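Chemist: Here is a sequence with its predicted model. Questions after.
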Amino acid sequence: MTISRKIISTLIILLLVATTSVMLLACDTDDDNYVDYSTSNNFEYEVVENADMVSYVPLNVTPKYGLIFYVGTVIEPAYYEYLASALAKEGYVAVIPKMSLYMAYAGYKEVEPAFASYPDVEFFVGGHSQGGGAAVRRAMENASTVKGVVLYAPLCYNTDNIVDCNLPTLLLEATNDGVLTAEMKANALTRISADAEKYMLTGSHMSFSTFDDDGVLTMFNDGPLTQEEKDAQRQNTISYTLNFMRSVVTK
């Protein structure tokens, strides 16, 4: 009888241990919904818009990282949808603050609603043209809250720079940029670390956005480009951006 009780007690203990292990595994499975940024993804996403920003948010996963993107002057957020949607599909939250179209730099706000809206997301900051200048300013003033910086043909101002901020930085420029002068391009290089990743893409200044019809390119003597060249520039922009961000977040 004593032996039987010992056997029964042992079986009960083993059963409890097995049940607990199964429960823990189930909990881990339920909670482990974070994005794996080391691989290519293709998540569905939703576009959330309010008075302050337009957000592209991956669905059914928990994103750890994202990009806050500042638009170029007179360019509306919708013209960067190609980039924001590509980021969302890979599991990043992409947020485009709504700033005055004629004050892409001066309209910068030190505390953007995006940071408060997604408190669990670590953000890169980035921007195009004057929006790139805004990203440099944002990163300089709040380096500890920024994961990295992504700049697309940036136009910088004042003494803003991130040379000593120790932030991973990507700089993309265009071969046929008719908006920025050689002096402006050289000036931008003085604002970032010598260790920044730098690439020159075949394309134009405006074609970092889709606000680049032939009339706009002619107005700025920017390009000219065929549609295939515009598409290729934007695809390369996506690829370089994703590769850079992946390299930072998977270190």
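Modeler: Here it is on my side, so go on.

Chemist: What ranges does the stretch 151-251 of the chain have for its strands?
Modeler: 169-174, 197-201 (DSSP state E, counting those that start in this stretch).

Chemist: Distance of residue 36 relative to residue 118?
Modeler: 19 Å (C-beta to C-beta, to the nearest Å). Every residue, glycine included, has its C-beta placed from N, CA and C.

Chemist: Show me which of those two is the more surrounded one.
Modeler: The neighbour comparison of residue 36 against residue 118 (other C-beta atoms under 10 Å) goes to residue 118, with 17 against 11.

Chemist: so that one sits right up against residue 94, yeah?
Modeler: No: with contacts counted by C-beta atoms under 8 Å, residue 118 stays clear of residue 94, the gap being 10.7 Å.

Chemist: Need the overlap of contacts for those two.
Modeler: Residues touching both residue 118 and residue 94 by C-beta atoms under 8 Å, 6 or more residues apart in numbering: 55, 66.

Chemist: for the nearest residue to residue 170 once chain neighbours are set aside, what are its contacts?
Modeler: Take residue 170 and drop its neighbours on the chain: the residue closest to it by C-beta to C-beta, 6 or more residues apart in numbering is residue 244, 4.3 Å away. By C-beta under 8 Å, 6+ apart, the contact set of residue 244 is 148, 150, 168, 170, 197.

Chemist: got TSV for the residues you listed, with neighbour count too?
Modeler: Shown next, in TSV, are the contacts of residue 244 (neighbours: other C-beta atoms under 10 Å):
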residue	neighbour count
148	22
150	28
168	20
170	23
197	15
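
Chemist: As JSON lines, those with distance to residue 123 and pLDDT would be great.
Modeler: JSON lines is the format used below for the contacts of residue 244 (distance: C-beta to C-beta, whole Å; pLDDT from 0 to 100):
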{"residue": "148", "distance to residue 123": "9", "pLDDT": "98"}
{"residue": "150", "distance to residue 123": "11", "pLDDT": "98"}
{"residue": "168", "distance to residue 123": "13", "pLDDT": "98"}
{"residue": "170", "distance to residue 123": "15", "pLDDT": "98"}
{"residue": "197", "distance to residue 123": "18", "pLDDT": "98"}
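
Chemist: Serialize these to CSV and add fields for distance to residue 55.
Modeler: Below are the contacts of residue 244 laid out as CSV (distance: C-beta to C-beta, whole Å):
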residue, distance to residue 55
148, 19
150, 17
168, 23
170, 22
197, 26
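
Chemist: Name the nearest of those residues relative to residue 179.
Modeler: Using C-beta to C-beta, residue 150 is the member of the contacts of residue 244 that lies nearest residue 179, at 18.5 Å.

Chemist: Pull up the gap between that closest one and residue 199, please.
Modeler: From residue 150 to residue 199 the distance is 11 Å (C-beta to C-beta).

Chemist: Please identify the most buried of the strands of the stretch 151-251 of the chain.
Modeler: By mean neighbour count, with neighbours taken as mean count of other C-beta atoms under 10 Å, strand 169-174 ranks first of the strands of the stretch 151-251 of the chain at a mean of 24.
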